[in-house]
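**Q** I would like the atomic coordinates for the input below:
(4 chains)
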Number of protein chains: 2
Amino acid sequence: MDLNACCTPLGADVPDIAGSEVLASAFRALGDPVRLRLLSLLLTAPGGEVCACDLVEPLERSQPTVSHHLKVLREAGLVTATKRGTNIWYAARAEQLTALRGVLGG
Amino acid sequence: MDLNACCTPLGADVPDIAGSEVLASAFRALGDPVRLRLLSLLLTAPGGEVCACDLVEPLERSQPTVSHHLKVLREAGLVTATKRGTNIWYAARAEQLTALRGVLGG
DNA sequence: TCAGAATAGTGACATCTGTCGATATGGAAC
DNA sequence: GTTCCATATCGACAGATGTCACTATTCTGA
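**A** Numbering: from 1, shown residues only, chains lettered A, B, ... in the order given. The predicted model follows:
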C-alpha cells in the first residue's frame, strides 16, 4: 500500500474511488485510541523505535491484542518492523504520516 | 467535541486515554472512502459549501446513507451545516483539519 | 536436540459500522 | 390547511472490528 502514490491534497480534486479507499484505510488505522497511543509511543521513544515487548504494558492490553494493532499499522504502511535477535523493534514511518498530513490540506 | 483543545502533536507526549479517544474518533470519521470523497467535494466546491441535495448523486449512495455520513462528519466536528430555506448547506471546517494535521506531526 | 522466551496467528465472541427501504419532520408554495 | 419537497431518523441486516484465551512459530542458548 503506497500512500505517496496518492498524495493529492484533499480538495485539489475529487479522489477516485480506488484512491479514496487506500487513503481511508490509512486514516482508519489511526481511528483507534490504542493505535494512536501506540504510534505516539513509537514517535516519542529515544531512537524512534521500541521493542514489541515494551508495548504491551503501557497499553494495558493483552499481547495478542497489541500484536493485532501492530499488524494493522504495519499493513497501513504507518510503521516498520525490524527483527533483532528474538525481539522485534517497531518504528513509525514519518514520511507516510507526512503524506497523510498532505492529504489533510497541507 | 473540541479537537483544538487537544492538538498536541503526536509524539510530543503520550496522549492520555480520553484524549486519544477524541482524536481517534476524528480520524475514524476520515476512515471511510465515502466520507473522504464527501469532504473532498466540500473543499473543492466554489464558495466552499455544497447543498446536501447535490451530494447524493456523485457519491452513488442512497439519500439516507449520505445523510448518515454527513452526521458522522458533523459529530466529529469536521463539517458545518447551515440551513438556508429548504436546503442545508455543508462546508468543511478547515481549522479542524489543520488541528488534525498538527496531530500528525505538523 | 531440547527448553524457554518473544511474537504472531486462530477461533470465538460481542459490539460497531455501512447500507437501504420505510417513515417522520419541517418548510415552502399554493 | 394541504401538498410537495428536502432532509433526518428508524429498523433491520450483513459484514467488519476489538478483544481475549489458546496455540503455533521462530529464534536463542545450553
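**Q** Is the least confident helix or strand in chain A by mean pLDDT positioned near DNA strand C?
**A** Using mean pLDDT, DSSP states H and E, helix A:17-30 stands out as the lowest-scoring helix or strand of chain A, at a mean of 88. No - applying C-beta under 7 Å from any atom of the strand, one finds helix A:17-30 separated from DNA strand C by no less than 8.1 Å. For every residue, glycine as well, the C-beta is placed using N, CA and C.
**Q** Who are the packing partners of that helix?
**A** Judged by 3 or more C-beta pairs under 8 Å, 6 or more residues apart in numbering or on different chains; DSSP states H and E, the packing partners of helix A:17-30 are helix A:33-44, helix A:63-75, helix A:94-103, helix B:17-30, helix B:33-44.
**Q** so how far is it from its chain's centroid?
**A** Helix A:17-30 has its C-alpha centroid displaced from the chain centroid by 12 Å (C-alpha atoms, centre = their mean, to the nearest Å).
**Q** In it, which of the residues would be classed as buried?
**A** The neighbour-count check on helix A:17-30 (16 or more other C-beta atoms under 10 Å in any protein chain shown) flags A:19-30 as buried.
**Q** Report the two of these separated the most.
**A** Maximum pairwise distance among those (C-beta to C-beta): 17.6 Å, between A:19 and A:30.
**Q** Just read off the phi/psi values of the nearest residue to residue A:98 once chain neighbours are set aside.
**A** Nearest residue to residue A:98, sequence neighbours excluded (C-beta to C-beta, 6 or more residues apart in numbering or on different chains): residue B:105, at 7.1 Å. Main-chain dihedrals, residue B:105, degrees, to the nearest 10: phi 110, psi 20.
**Q** for residue A:83, same thing?
**A** phi -80, psi 130.
**Q** can I get the buried residues of helix A:17-30 in TSV with distance to residue B:39?
**A** Formatted as TSV, the buried residues of helix A:17-30 follow (distance: C-beta to C-beta, whole Å):
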residue	distance to residue B:39
A:19	13
A:20	10
A:21	15
A:22	15
A:23	11
A:24	11
A:25	16
A:26	15
A:27	11
A:28	15
A:29	18
A:30	15
